[in-house]
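K.L.:
Sequence below, structure please.
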Amino acid sequence: MSHSIKGPFTPGQEKFDAGVLYHRKLVSVIREKISRPSSFAHLHFEPYELFCQTDEAYEPVKVHGELYSSKAFMDAHHDLQNSPREHQCELPRVIVGLMFASDGTQLTMFSNNKLWPVYPCNRK
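P.N.:
Numbering: from 1, shown residues only. From the prediction side, this is the model:
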């Protein structure tokens, strides 16, 4: 099924043929991803801090980069681990960080390559 959406792609609002759009509920995507052990190599279930120390004469400097090493992620993880457990549940408790984007992200400073948040899906 093809969908048309209205948007400010040019001055004024014009219809834009968005093609075929598939969607899923976020919880089903998260559940599928974390229940598959083959995904674990690409997921971070424990936050950590990363430091760089170029010389022993200098103090280590915290490296800021990934969501799972941010203060907000670490605080949320700490709060969850210190909260009461669900009755008779011994499963690990993890924070799942999601990042959303609405524009293309330029991948490098020296090219025009971009990453877009929506990709065509080949259904089998």
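
K.L.:
For stretch 72-80, output the C-alpha coordinates as CSV.
P.N.:
What follows is stretch 72-80, C-alpha atoms only, in CSV (Å, rounded to 0.1, in the frame of the first residue of the first chain):
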residue,chain,number,x,y,z
ALA,A,72,21.8,10.0,32.2
PHE,A,73,22.1,6.3,31.1
MET,A,74,24.3,5.5,34.1
ASP,A,75,21.8,7.2,36.5
ALA,A,76,18.9,5.3,35.0
HIS,A,77,20.7,2.0,35.3
HIS,A,78,21.7,2.7,38.9
ASP,A,79,18.1,3.7,39.8
LEU,A,80,16.7,0.5,38.2
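
K.L.:
List the buried residues for that stretch?
P.N.:
Residues 73, 74, 77 are the ones in stretch 72-80 that count as buried (16 or more other C-beta atoms under 10 Å). C-beta: built from backbone N, CA, C; applies to glycine.

K.L.:
And the contacts of that stretch?
P.N.:
By C-beta atoms under 8 Å, 6 or more residues apart in numbering, the residues outside stretch 72-80 that reach it are 46, 47, 49, 67, 93, 94, 95, 97.

K.L.:
Now render the residues you listed as TSV, adding distance to residue 57.
P.N.:
TSV is the format used below for the contacts of stretch 72-80 (distance: C-beta to C-beta, whole Å):
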residue	distance to residue 57
46	31
47	29
49	21
67	32
93	41
94	38
95	37
97	35
